[in-house]
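> show me how the following folds:
(one chain, ligands or ions: 2)
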Amino acid sequence: MTTNSYDFDVLYLGSGHGTFDGAIPLAAQGIKVAVVESGLIGGTCPNRGCNAKITLESPVALAQQVDEMQELVGNSLKLDWAATVAHKTEVIAELPNFIATLMENNGITIIRGRGHFIDTHTIIVNGQKISAAKFVIATGLHPHQLDLPGRQIINDSSAFMNLKQLPKRIAIIGAGYIGMEFATIATAFGSEVTVLMRSDTALRSFHQPFVKKIIDKLRADGVTFIKNAKINSFSDDQGDKIIHYNDVEKVKVDWILDATGRIPNTTGLGLEKIGVDYDDSGIIVNEFLQTTVPHIYASGDVIKKKQPKLTPTAIFESLYLMKTFTGNTKEAIVYPAIPSTVFTIPRIAKVGISPKDAANNSELTIVSNDILDNWYRHVEKESFGENKLIFDQQKRLVGATEISNHAEDVINTLLPAIEFKLTPTQIAKVVHIFPTIGSASWELL
Ligand SMILES: Cc1cc2nc3c(=O)[nH]c(=O)nc-3n(C[C@H](O)[C@H](O)[C@H](O)COP(=O)(O)OP(=O)(O)OC[C@H]3O[C@@H](n4cnc5c(N)ncnc54)[C@H](O)[C@@H]3O)c2cc1C
Ligand SMILES: NC(=O)c1ccc[n+]([C@@H]2O[C@H](COP(=O)([O-])OP(=O)(O)OC[C@H]3O[C@@H](n4cnc5c(N)ncnc54)[C@H](O)[C@@H]3O)[C@@H](O)[C@H]2O)c1
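Ligands and ions are numbered 1, 2, ... in the order given. Model (predicted):
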């Protein structure tokens with residue numbers, strides 16, 4: 001790669017996981033790299049996504065464990081919202097500096113400001129023109145906001161995670177990842193939570209019988225679900241925040257979270273001017289992650305794709321681009337099986353072929369396990385535990401989903417079996433530390 005005629009070899013727009021995991025090793029190999037960032041370095045995941053959320057959720061998971069082992073350990077835990085938010089701030093506060101230092105120590109130039117293209121080799125940031133041989137658009141998503149009368153009173157997930165005090169009554173609109181995870185957190189910390197659902201389906205991409213169990217558990221914990229709610233408007237009545245829905249109905253609360261999805265950051269980038277195609281789902285790329293302008297690539301959540309828009313996907317894409325830019329691969333991207341978890345209590349985690357798709361394929365076998373039969377799950381007196389494992393005709397694992405307190409660890413354990421298509425003989429050669437969730441999961445194969 002040459003820098004002769006351009007300021008940089010590769011310029012990334014955005015500094016999230018779609019950028020930094022690959023940009024750092026790229027720069028370390030002597031490639032001249034710039035990263036333009038208009039917000040916090042590190043993007044959504046560390047600052048207002050995964051890391052922040054899991055820190056708030058961690059006491060909730062502990063409280064569940066204590067509740068289940070109550071006969072052994074005595075009282076329930078008392079969760080402290082203000083202390084937990086302060087702890088979350090402490091955990092994540094240094095991450096932007098940490099990531100910026102890693103980038104700079106490896107030779108990356110960080111440019112603070114919002115970038116947009118003026119031609120296919122030039123962007124403008126803070127009035128300054130910067131050119132590059134290649135670009136990576138990794139600008140992520142932003143929260144969708146319901147465009148309805150009174151919308152000024154509704155909030156997004158970042159605002160929730162920064163609340164100094166937890167409102168007594170919270171309404172959450174949407175029952176996707178954020179709606180269900182934040183309902184779990186808010187109710188555990190003592191709020192009265194109402195979830196308004198557009199249809200009668202929550203967590204659409206997860207195994208629905210497991211989702212039903214999560215809804216039943218949240219209901220038992222005091223959460224109200226209102227199905228088939230068509231929101232009309234919002235109003236404020238002397239501090240009461242009111243959601244008007246289905247023409248005549250209303251819910252009165254203290255705080256409203258709009259969790260109706262996230263949309264790609266594609267506007268204002270000058271994409272139309274330079275011929276980079278996109279639609280409402282994101283930037284259109286080919287199997288090399290090239291946009292419709294071949295030296296302009298895209299990475300992470302901003303891409304229109306069928307893979308889940310999650311951190312592991314963004315990391316995989318940024319590493320793939322690093323290998324492409326250094327000439328280490330000329331192959332198209334081949335995604336691994338990407339796992340995901342909804343961090344409710346209990347969790348649902350999944351990877352690979354779903355039970356629903358397997359049911360329509362006569363070559364696949366679905367094995368249902370009531371994992372509470374396993375002695376190890378009695379140690380913590382777990383009250384939820386079921387999984388479905390999908391096998392092909394060679395008895396190789398091709399899909400798995402579980403509902404349990406440890407579902408994310410179980411799916412992580414099973415990943416190599418799926419990714420490397422391990423045969424029963426190969427599976428038998430892997431031994432895990434005993435007794436652990438790893439050994440309890442592997443023995444189901
Ligand atoms: C509440 C929440 C919880 C989540 N929890 C999980 C989880 O548990 N597990 C998981 O895998 N995923 C989770 N995610 C998703 C995860 O955060 C994203 O998949 C991941 O951050 C995507 O990385 P990215 O680099 O594509 O985008 P981002 O991290 O969003 O980075 C994009 C960056 O681009 C910057 N930018 C935008 N436009 C411009 C411009 N014109 N010029 C310069 N900079 C610009 C933005 O400021 C931003 O910093 C969660 C998301 C949210 C919102
Ligand atoms: N654990 C995780 O990995 C995790 C956690 C949080 C967020 N995320 C990421 O962030 C993305 C965004 O999360 P999200 O929960 O905002 O989106 P989502 O797409 O998961 O859920 C959006 C929900 O809002 C509902 N909805 C949409 N319009 C509505 C309307 N007008 N009225 C009522 N409901 C409406 C949808 O039916 C859906 O249930 C996820 O897709 C995921 O990629 C991941």
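> which positions in this structure make contact with ligand 2?
Proximity of the chain to ligand 2 is confined to 146, 173-179, 181, 196, 198, 231, 259-262, 308-310, 340-343 under the rule CB under 6 Å from any ligand atom. Yep, even glycine has a C-beta here, placed from its N, CA and C like the rest.
> which ones among those residues are found in strands?
Under the assignment DSSP state E, the residues of the chain next to ligand 2 contribute Ile173, Leu196, Ile231, Arg262, Ser340, Thr341, Val342 to strands.
> out of those, which are buried?
Buried residues within these, counting neighbours by 16 or more other CB atoms under 10 Å: Ile173, Leu196, Ile231, Arg262, Ser340, Thr341, Val342.
> the closest residue to Thr122 other than its chain neighbours and Lys32: what is the separation?
Leaving out its chain neighbours, the residue that sits closest to Thr122 by CB to CB, 6 or more residues apart in numbering is Ser131, at 4.9 Å. Using CB to CB, to the nearest Å, one gets 11 Å for the distance from Ser131 to Lys32.
> and for these two, which residues touch both?
Common contacts of Ser131 and Lys32 (CB atoms under 8 Å, 6 or more residues apart in numbering): Phe8.
> give me the more crowded residue out of these two.
Lys32 (20 against 16; other CB atoms under 10 Å).
> on that earlier part again, so which helix or strand takes in the residue nearest to Thr122?
strand 128-137 (DSSP states H and E).
> what lies in contact with that strand?
Contacts for strand 128-137 (CB under 8 Å, 6+ apart): 1-3, 5-14, 18-19, 23, 34, 36, 111, 115, 117-118, 121-124, 269, 276, 283, 291, 295-299, 302, 318, 321, 325.
> and the residue of the stretch 101-250 of the chain found nearest ligand 1, what does it touch?
Residue of the stretch 101-250 of the chain nearest ligand 1, by CB to the nearest ligand atom: Gly140 (2.3 Å). Counting by CB under 8 Å, 6+ apart, Gly140 touches Gly14, Gly16, Gly18, Gly43, Thr44, Pro264, Asn265, Gly300, Asp301, Val302.
> the residue in the stretch 151-300 of the chain positioned nearest to ligand 2 and Thr260: what is the separation?
For the stretch 151-300 of the chain, the residue closest to ligand 2 is Gly176, as judged by CB to the nearest ligand atom, at 1.8 Å. Gly176 sits at a distance of 8 Å from Thr260 (criterion: CB to CB).
> and these two? Which one has more around it.
Neighbours were counted for Gly176 and for Thr260 using other CB under 10 Å; Thr260 has more, 22 against 18.
> what sits closest to that one if chain neighbours are left out?
Gly174 (4.4 Å).
> where does the prediction get shaky in the stretch 101-250 of the chain?
Along the stretch 101-250 of the chain, the model assigns pLDDT under 70 to no residue.
> strands along that one, start to end?
109-112, 115-119, 122-125, 128-137, 141-143, 154-155, 169-173, 192-196, 224-226, 231-237, 240-245, 249-253 (DSSP state E, counting those that start in this stretch).
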